[in-house]
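Enquirer: What shape does this take:
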Amino acid sequence: MKLTSKGRFAVTSLVDMAINSSGNKPVSLSEISERQNISSAFLEQIFSSLKKNGIVRSIRGPSGGYIFAKDPSFIMIYDVINAIDEELKITRCNGEGSSCFSSNRKTKCCTHNLWSNLTNHISFFLNSISIQDVSNNRYDPIFKVNKGNDYVNHSSTNN
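Expert: The predicted structure is shown next:
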């Protein structure tokens, strides 16, 4: 899995919108650019994909900008990553047959299932958190590391 700057900036800019939008007032890309130190040209590319995929809508005019196409509590991080064509896949599979290698071999690598399951966990995690959750800092990690470097299932601990 390789989450690029484009994916991180897409999520960051939408969280910025959720935090800084009041009512249905559009947020301009220049405002997001200034607050988040992201190039306006790069934001234009990102928002073009987000608009095409129904995440945001554009409003024209002197006080124009972008608004959410739907409530941010229904826009999942996974949907944002998909909207900008990021790939959440850790395996080296080419997507054809069951081969993990680019050669003509037709077998999976010995760690294929490990990486495939990790991809599924990441996808599940990102599909369980909305833009609104992030803007309100209202989510907990599924697992957390305690001081002994052991992983603890967060859902089974009492906070």
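
Enquirer: quick one: contacts for Gln132?
Expert: By CB atoms under 8 Å, 6 or more residues apart in numbering, the residues touching Gln132 are Ala18, Asp71, Pro72, Ser73, Ile75, Arg138. To be clear about C-beta, it is placed using only N, CA and C from the backbone, and glycine gets the same treatment.

Enquirer: Try it again at 7 Å.
Expert: Applying CB atoms under 7 Å, 6 or more residues apart in numbering to Gln132 gives the contacts Ala18, Pro72, Ser73.

Enquirer: Can you tell me which of these end up in helices?
Expert: Per DSSP state H, helices hold the following members of the contacts of Gln132: Ala18.

Enquirer: just the buried members of the contacts of Gln132?
Expert: In the contacts of Gln132, burial by neighbour count holds for Ala18, Pro72, counting by 16 or more other CB atoms under 10 Å.

Enquirer: List just the nearest of the contacts of Gln132 to Glu34.
Expert: Nearest to Glu34 among the contacts of Gln132 is Ala18, at 17.0 Å by CB to CB.

Enquirer: Could I get the contacting residues of that closest one?
Expert: With contact set as CB under 7 Å, 6+ apart, Ala18 has these partners: Pro72, Ile131, Gln132, Ser135.

Enquirer: hey, where'd the strands end up in this structure?
Expert: 56-59, 65-68, 143-145, 151-153 (DSSP state E).

Enquirer: can you pull the buried residues of stretch 58-68?
Expert: Within stretch 58-68, the residues scored as buried using 16+ other CB under 10 Å are Gly65, Tyr66, Ile67, Phe68.

Enquirer: so how far does that stretch reach from one end to the other?
Expert: This stretch, stretch 58-68, spans 9 Å end to end (CA to CA, to the nearest Å).

Enquirer: before we move on, what about stretch 44-64?
Expert: Using CA to CA, first and last residues of stretch 44-64 are 14 Å apart.

Enquirer: how far out from the middle of the chain is that stretch?
Expert: Using CA atoms, centre = their mean, to the nearest Å, the mean C-alpha position of stretch 44-64 is found 17 Å from that of the whole chain.

Enquirer: what is the mean pLDDT for it?
Expert: Average pLDDT, stretch 44-64: 94.

Enquirer: which residues are contacting it?
Expert: By CB under 7 Å, 6+ apart, the residues outside stretch 44-64 that reach it are 6, 9-10, 13, 26, 29, 65-69, 75, 79-80, 83-85.

Enquirer: Thanks a lot, see you next time.
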